[in-house]
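# Sharing a model prediction with you, sequence too.
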Amino acid sequence: MKQNFFTVIAVLYLGLSEGDMPVLQETSNNQNMINTETKTDKGILSDLNHRFIQNFIKMDTAAHNEIIHQNFVCINGNGTIADRKEYMKGWANGYTASGYSKFWYTDEDIRIFGDMALVRAKTVYVKNVDGKEVSGNSLYTDTYIKENGRWQCVQAQITPVK
C-alpha cells in the first residue's frame, strides 16, 4: 500500500498511533478514502477493559455477561477462586457492597499473544471503612481469549496493594 501526503496529515490530525494506521481505499470514482473505523485488537481490548470497570460501577450484570467467557474464573485479592456463576452472582451488588464512593483505573497495559491477551491496570478507589474515608488501590490482570473473532475475559486476578 502506498501512503500519500493526505494519509500522513490524517494520521497527525486524528492523533492515530502506528498500530491504528488508516487504510487507503479506492472508491468507485478512483478517489482515495481513509478508513479510520477499523479498530486494532489492542483498541478493542482497551474498550473492553473500560466496559469491564463501568459494568462493575453500574453493577450491570447483563452487559458484563457479554464479555465474560463461559469458563471464566476470578482469583480474588484474598486468594479465593470464584467460578463464573459465583462471580456473576456477586457482581449484581458488588460495587454497593464494597463501600466505594470513587473507583477508576489507570496505568493500563495490554499485551497480545496471538489469540490470548493480558490486560493489566491499577484501580484507584476511595471507600468507607468503619465510618472513615479510606483510599487505596489494587492491580489486576484480566486474561482474554479470542474465539470466533471475539475477545472475552476468561480469568481475572486481583492483587491488593498495601
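That came in fine, so what should we check first?
# May I have the phi/psi pair for the residue nearest the centre of the chain?
Nearest residue to the geometric centre of the chain (C-alpha atoms, centre = their mean): Asn49, 1.1 Å. Here is the backbone geometry of Asn49 (degrees, to the nearest 10): phi -60, psi -40.
# Next up, the contacts around it.
Listed by C-beta atoms under 8 Å, 6 or more residues apart in numbering, the contact set of Asn49 reads Tyr105, Glu108, Ile110, Val119, Ala121, Asp142. Using the backbone N, CA and C atoms, a C-beta is placed for each residue, glycine as well.
# In strands, which of those residues fall?
Using DSSP state E, the subset of the contacts of Asn49 located in strands is Tyr105, Glu108, Ile110, Val119, Ala121, Asp142.
# and those, which are buried?
Buried subset of the ones in strands among the contacts of Asn49 (neighbour count, 16 or more other C-beta atoms under 10 Å): Tyr105, Ile110, Val119, Ala121, Asp142.
# The last one reaches Gln155, doesn't it?
Yes. At 7.2 Å, Asp142 and Gln155 qualify as touching, with contact defined as C-beta atoms under 8 Å.
# Run through the protein and note the low-pLDDT ranges.
1-38 (pLDDT under 70).
# Strands of that one, residue ranges please.
Taking DSSP E, the strands of the chain run over residues 23-26, 32-35, 68-75, 81-83, 100-113, 116-129, 132-147, 150-161.
# Centre of the chain to stretch 121-140, how far?
Relative to its parent chain, stretch 121-140 has a centroid offset of 20 Å by C-alpha atoms, centre = their mean, to the nearest Å.
# Endpoints of that stretch, how far apart?
With C-alpha to C-alpha, to the nearest Å as the measure, the ends of stretch 121-140 fall 6 Å from one another.
# which ones are touching the closest residue to Asn55 other than its chain neighbours?
Distances taken as C-beta to C-beta, 6 or more residues apart in numbering put His64 closest to Asn55, at 3.9 Å, once the chain neighbours are dropped. Applying C-beta under 8 Å, 6+ apart to His64 gives the contacts Phe52, Asn55, Phe56, Met88, Trp91.
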